[in-house]
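Novice: quick one: sequence plus predicted model below, questions after.
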Amino acid sequence: MNPRGRFSRIRTKTALAAAQLATSASRATGRGAGGMIGGLVAGAIDPNIMDGLGRGRPTVLVTGTNGKSTTTRMLVQALRTTHTVATNEGGDNMDAGIISALMAGQDANLIALEVDELHVPHVADSLNPNALVLLNLSRDQLDRVGEINKIERALRACVEAHPEMTVIANCDDVLMTSVAWGHPNVVWVAAGAGWVNDSVTNPRGAGSVVRTPDGDWYATEKLADGTEFRRPEPTYTVDKHSLTTPHGEVPMNLTLPGRANRGNAAQAVAAAVEAYDVPLDKAVRAVEGVDNVAGRYATVHLGEHEVRLLLAKNPAGWQEALTMLDRDADGVVIAVNAQQGDGADVSWLWDVKFEDFDGIAVNAAGERGTDLAVRLLYAGIEHELVHDVVKAIRACPPGRVEVLANYTAFRDLKRDMAKQEDYRG
């Protein structure tokens with residue numbers, strides 16, 4: 001027996017055992033579900049454990065600035081109509097969370113993971129995916145992620161390094177189109193582009209990008225090889241009522257709200273059908289049944305208030321989430337933190353249009369509620385500043401309250417509400 005191979009197997013077994021102990025300890029002490037700590041421990045003991053846990057199983061990765069968790073959840077539901085699937089259900093999309101998902105799903109015959117944009121290249125090298133879903137790219141946490149064009153170039157290099165995989169790309173997003181441009185096996189999906197402020201120049205050459213009223217876009221100057229960089233012709237297109245596919249047009253009635261989620265569903269269905277042969281009707285019915293993603297879009301009750309929870313994490317996500325708010329609600333709470341996971345810089349507040357809350361009681365909340373209150377002041381929105389998010393909800397008139405929060409504010413609110421005596425989930 002090869003001593004190196006034997007040592008590797010022993011190390012992997014040790015890593016798995018230690019991860020299980022760490023996970024159990026985390027759960028027993030009430031520190032959390034233990035998924036992250038298990039992955040951290042396993043990865044520290046065996047740096048190659050991700051490769052080993054993949055075991056050559058068919059794998060699809062989902063990435064983008066916004067919509068990763070929702071699209072992955074929809075895709076997994078579609079895949080589970082014909083496969084068993086290992087996935088990172090809780091949305092932990094960096095190495096530790098991915099390793100934990102692979103450990104928990106060792107018996108599944110297929111892997112579907114949401115992956116942070118920065119982590120896609122090395123995760124793809126480890127798992128050799130046969131499919132990659134590209135959603136959208138826009139500015140997000142500049143203190144952690146950096147400039148968006150740098151991410152586009154890293155994803156482009158990853159796609160070029162894996163010519164055999166199927167790429168499901170949003171042709172309405174200029175940067176993701178650039179990532180997939182020239183790949184031999186692309187399924188183009190017209191999933192929409194609600195935020196276009198980060199794609200005004202040609203990422204592949206000189207000149208600007210022009211958008212037309214009918215949804216087309218093109219670069220004003222040709223590429224170095226003389227070809228035109230222009231919106232590709234989609235094979236999947238979604239509108240308010242249906243999904244048009246190479247296999248026919250089908251009605252699609254989602255439970256989740258918003259235009260962006262229809263685009264997410266279109267890409268999930270395209271990946272399931274084109275990369276894994278899931279029947280179209282089964283895939284559509286599966287995505288229609290998704291009604292919340294880790295508590296997002298869920299409705300809960302707190303005393304006299306019926307509370308709907310929405311999550312947004314960057315300018316593009318906030319702009320889209322604002323379109324989902326019910327303007328007939330009795331109150332709105334907007335909560336902003338700047339912890340790890342949110343990004344320390346909240347100057348993005350000035351990129352978001354908050355100007356249309358007339359006639360609704362608005363409360364600014366969260367650790368950076370003061371910054372938000374200043375933004376609302378300049379937007380001409382009457383509001384109150386109540387830093388504690390639970391107290392901000394209670395300060396709204398009785399009835400329906402829409403809550404829009406960024407990552408850690410959303411996380412902490414779910415925890416804090418669950419401790420309230422008059423809370424009903």
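Specialist: Thanks, I have it.
Novice: what residue ranges in the stretch 301-425 of the chain score low on pLDDT?
Specialist: Applying pLDDT under 70 to the stretch 301-425 of the chain picks out no residues at all.
Novice: how does it look with 80?
Specialist: 341, 356, 358 (pLDDT under 80).
Novice: any idea where the helices of the stretch 151-300 of the chain begin and end?
Specialist: 174-180, 259-276, 280-288 (DSSP state H, counting those that start in this stretch).
Novice: turn the ones you listed into CSV, columns for mean neighbour count and mean pLDDT.
Specialist: C-beta: built from backbone N, CA, C; applies to glycine. Shown next, in CSV, are the helices of the stretch 151-300 of the chain (neighbours: other Cβ atoms under 10 Å; pLDDT from 0 to 100):
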stretch, mean neighbour count, mean pLDDT
helix 174-180, 26, 97
helix 259-276, 26, 97
helix 280-288, 21, 98
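Novice: adding distance to residue 298, write those helices out as CSV.
Specialist: What follows is those, written out as CSV (distance: least, Cβ to Cβ, whole Å):
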stretch, distance to residue 298
helix 174-180, 29
helix 259-276, 14
helix 280-288, 17
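Novice: nearest to residue 38, of those helices?
Specialist: Nearest of these to residue 38, taken as Cβ to Cβ: helix 259-276 at 27.3 Å.
Novice: measure the spatially most central residue of the chain to residue 100 for me?
Specialist: The chain has residue 68 as the residue nearest its centroid, 2.2 Å off, counting by Cα atoms, centre = their mean. Distance of residue 68 to residue 100, given as Cβ to Cβ, to the nearest Å: 17 Å.
Novice: try residue 242
Specialist: Taken as Cβ to Cβ, the span from residue 242 to residue 100 is 38 Å.
Novice: give me the more crowded residue out of those two.
Specialist: Per other Cβ atoms under 10 Å, whichever of residue 242 and residue 100 has more neighbours is residue 100, with 27 against 15.
Novice: break this protein into its domains for me.
Specialist: 57-289, 299-423 (the TED database).
Novice: with distance to residue 42 as new columns, can those domains be given to me in a markdown table?
Specialist: Formatted as a markdown table, the domains of the chain follow (distance: least, Cβ to Cβ, whole Å):
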| stretch | distance to residue 42 |
| --- | --- |
| domain 57-289 | 5 |
| domain 299-423 | 22 |
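Novice: so which of those is nearest residue 20?
Specialist: Judging these by Cβ to Cβ, what sits closest to residue 20 is domain 57-289, at 8.1 Å.
Novice: what's around residue 295, how many residues?
Specialist: So residue 295, with other Cβ under 10 Å, has 14 neighbours.
Novice: for residue 401, that is, sorry about that
Specialist: Residue 401, neighbours per other Cβ under 10 Å, totals 27.
Novice: so it lies in a strand, does it not?
Specialist: Yes: assessed by DSSP: H, G, I helix; E, B strand; the rest coil, residue 401 belongs to a strand.
Novice: for the closest residue in space to it that isn't next to it in sequence, give me its contacts.
Specialist: Leaving aside its sequence neighbours, residue 401 sits nearest to residue 331 (Cβ to Cβ, 6 or more residues apart in numbering; 4.4 Å). Contact analysis of residue 331 by Cβ atoms under 8 Å, 6 or more residues apart in numbering lists 305, 360, 361, 362, 363, 393, 396, 397, 399, 400, 401, 402.
Novice: any idea what the fourth one is bridged to?
Specialist: Meaning residue 362. residue 332 (DSSP bridges).
Novice: from residue 325, how far off is it?
Specialist: 10 Å.
Novice: which residues do these two both contact?
Specialist: By Cβ under 8 Å, 6+ apart, the residues touching both residue 362 and residue 325 are residue 332.
Novice: give me the pLDDT value at residue 120.
Specialist: As predicted, residue 120 sits at a pLDDT of 97.
Novice: before we move on, what SS does it have?
Specialist: Residue 120 is classified as helix under three-state DSSP.
Novice: please convert the contacts of residue 331 to JSON lines, extending it with distance to residue 81.
Specialist: What follows is those, written out as JSON lines (distance: Cβ to Cβ, whole Å):
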{"residue": "305", "distance to residue 81": "37"}
{"residue": "360", "distance to residue 81": "41"}
{"residue": "361", "distance to residue 81": "44"}
{"residue": "362", "distance to residue 81": "42"}
{"residue": "363", "distance to residue 81": "42"}
{"residue": "393", "distance to residue 81": "38"}
{"residue": "396", "distance to residue 81": "41"}
{"residue": "397", "distance to residue 81": "44"}
{"residue": "399", "distance to residue 81": "39"}
{"residue": "400", "distance to residue 81": "34"}
{"residue": "401", "distance to residue 81": "36"}
{"residue": "402", "distance to residue 81": "33"}
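Novice: ok, and what's touching stretch 137-157?
Specialist: Contacts of stretch 137-157 (Cβ under 8 Å, 6+ apart): 63-66, 117-118, 120-121, 134, 173, 175-176, 178-179, 181, 195, 197-199, 203, 313-316, 342-345, 348.
Novice: just the buried members of those?
Specialist: Burial by neighbour count, 16 or more other Cβ atoms under 10 Å: within the contacts of stretch 137-157 this picks out 63-66, 117-118, 120-121, 134, 173, 175-176, 178-179, 181, 195, 198-199, 203, 313-316, 342-343, 348.
Novice: contacting residues around residue 189?
Specialist: 168-171, 234-238, 263, 266-267, 270.
Novice: ok, and the closest non-adjacent residue to it?
Specialist: Per Cβ to Cβ, 6+ apart, closest to residue 189 is residue 236, 4.3 Å.
Novice: please apply the same query to residue 296.
Specialist: Residue 296 sits nearest to residue 311 (Cβ to Cβ, 6+ apart), 4.7 Å away.
Novice: is it correct that that neighbour is in contact with residue 409?
Specialist: No: counting by Cβ atoms under 8 Å, residue 311 stays clear of residue 409, with 9.0 Å between them.
Novice: which one's more surrounded, those two?
Specialist: Legend: neighbour count by other Cβ under 10 Å for residue 311 and residue 409, higher for residue 409 (26 against 22).
Novice: tell me the spacing between that one and residue 416.
Specialist: 10 Å.
Novice: so what sits against both of these two?
Specialist: What both residue 409 and residue 416 touch, as defined by Cβ under 8 Å, 6+ apart, is the set residue 389.
Novice: return the residues in contact with residue 314.
Specialist: Counting by Cβ under 8 Å, 6+ apart, the residues that residue 314 touches are 65, 66, 138, 139, 140, 141, 343, 348.
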